[in-house]
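Novice: predicted model and sequence follow; I will ask about them next.
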Amino acid sequence: MELATRPIAQPAPRSVPASWWVAKRAIDVVCGGALALIAAPVVALAALGIAIVSPGNPFYTQERVGRNGRLFRMVKLRTMVVGAHAMRAEVAHLNEADGPVFKIRNDPRLHRLGAFLRRSSIDELPNFINVLSGDIALVGPRPALPSEVEHYDANALRRLSVPQGVTGLWQINGRSTTSFDEWMALDNRYASTWSPLGDLAIVLRTIPAVLRRDGAH
């Protein structure tokens, strides 16, 4: 997959032992690979359901911003009708998020399975493909859209100094119920304090958070 690079001025990265980066990648490959295998039947069943209720490819890729502004294509299960992004202007007045983020709790563009897939986080299971390919890590700030990053200030840009991830402090601390500033504060705390053992703790805390559907919509 061809990737583009967007130059972004970054603060000096936190200095950590080289072994930590090796351990982080090992966690991604081992845990991410195991989770991908476990998730495969669920993803297949969900893809079939999407194909039935909403004609079109059940998967879609979307450009996201990775570490240091590197652009990549993130894989997800489609939760909206085909052509939903072209309808954004029509639903812009329903945006419930603050900051440069666009989120609607009951988005009218969702297909019949869309809300369930989002609340259960099943739509994000294909992200493990990006983990195994090295685009993102298992744990890290959630990859943002380029249109969001364009509005980041220096404080928000700090979150891009570490690999972006499938889960992180934001996901286990309220997710969409937090304000944009709280979200950025959680991501920056992660960037300043992460460790391999801390990553494993976040993975373990993600399981009950997903089951409780904390802030997922």
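Specialist: Great, that's in hand.

Novice: per-residue pLDDT, the residue nearest to Val210 when sequence neighbours are not counted?
Specialist: Nearest residue to Val210 in three dimensions, chain neighbours excluded: Ser121, at 5.1 Å (Cβ to Cβ, 6 or more residues apart in numbering). (Each C-beta comes from the backbone N, C-alpha and C, glycine too.) Note on Ser121: pLDDT of 92.

Novice: run a quick neighbour tally on Ser121.
Specialist: The number of residues packed around Ser121, counting by other Cβ atoms under 10 Å, is 19.

Novice: again, but for the one 3 residues further on
Specialist: Burial measure for Glu124: 22 neighbouring residues, criterion other Cβ under 10 Å.

Novice: ok, it to Val75 distance?
Specialist: In this structure, Glu124 and Val75 are 10 Å apart, going by Cβ to Cβ, to the nearest Å.

Novice: now do Val29
Specialist: The span separating Val29 from Val75 equals 17 Å under the rule Cβ to Cβ.

Novice: looking at those two, which is more packed in?
Specialist: Using other Cβ under 10 Å, the more surrounded residue of Val29 and Val75 is Val75, with 19 against 13.

Novice: mind listing what the closest residue to the more buried one other than its chain neighbours touches?
Specialist: In space, not counting the residues next to it along the chain, Val75 is nearest to Pro126; the distance is 4.3 Å by Cβ to Cβ, 6+ apart. Neighbour list for Pro126: 43, 59, 75-77 [criterion: Cβ atoms under 8 Å, 6 or more residues apart in numbering].

Novice: which of these count as buried?
Specialist: 43, 75-77 (16 or more other Cβ atoms under 10 Å).

Novice: what is the nearest of those to Thr177?
Specialist: Minimum distance to Thr177 across those is 21.2 Å, recorded for Lys76 (Cβ to Cβ).

Novice: now do the phi/psi pair for the closest one.
Specialist: Geometry field for Lys76 lists phi and psi as phi -140, psi 170, criterion degrees, to the nearest 10.

Novice: hang on, the earlier thing: which members of the buried ones among the contacts of Pro126 are positioned in helices?
Specialist: Members of the buried ones among the contacts of Pro126 lying in helices (criterion: DSSP state H): Val43.

Novice: I'd like to know which of the buried ones among the contacts of Pro126 is nearest to Leu138.
Specialist: Ranked by distance to Leu138 (Cβ to Cβ), the buried ones among the contacts of Pro126 are led by Val75 at 14.9 Å.

Novice: need the contact list for that closest one.
Specialist: Residues touching Val75, when contacts are defined by Cβ under 8 Å, 6+ apart, comprise 59-61, 126-127, 129-130.

Novice: in JSON lines: those residues, plus pLDDT.
Specialist: Putting the contacts of Val75 into JSON lines (pLDDT from 0 to 100) gives the following:
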{"residue": "Phe59", "pLDDT": "97"}
{"residue": "Tyr60", "pLDDT": "93"}
{"residue": "Thr61", "pLDDT": "95"}
{"residue": "Pro126", "pLDDT": "97"}
{"residue": "Asn127", "pLDDT": "97"}
{"residue": "Ile129", "pLDDT": "96"}
{"residue": "Asn130", "pLDDT": "97"}
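
Novice: so which of those comes closest to Thr167?
Specialist: Nearest to Thr167 out of those is Asn127 (Cβ to Cβ; 9.3 Å).

Novice: I'm done for today, thanks for sticking with me.
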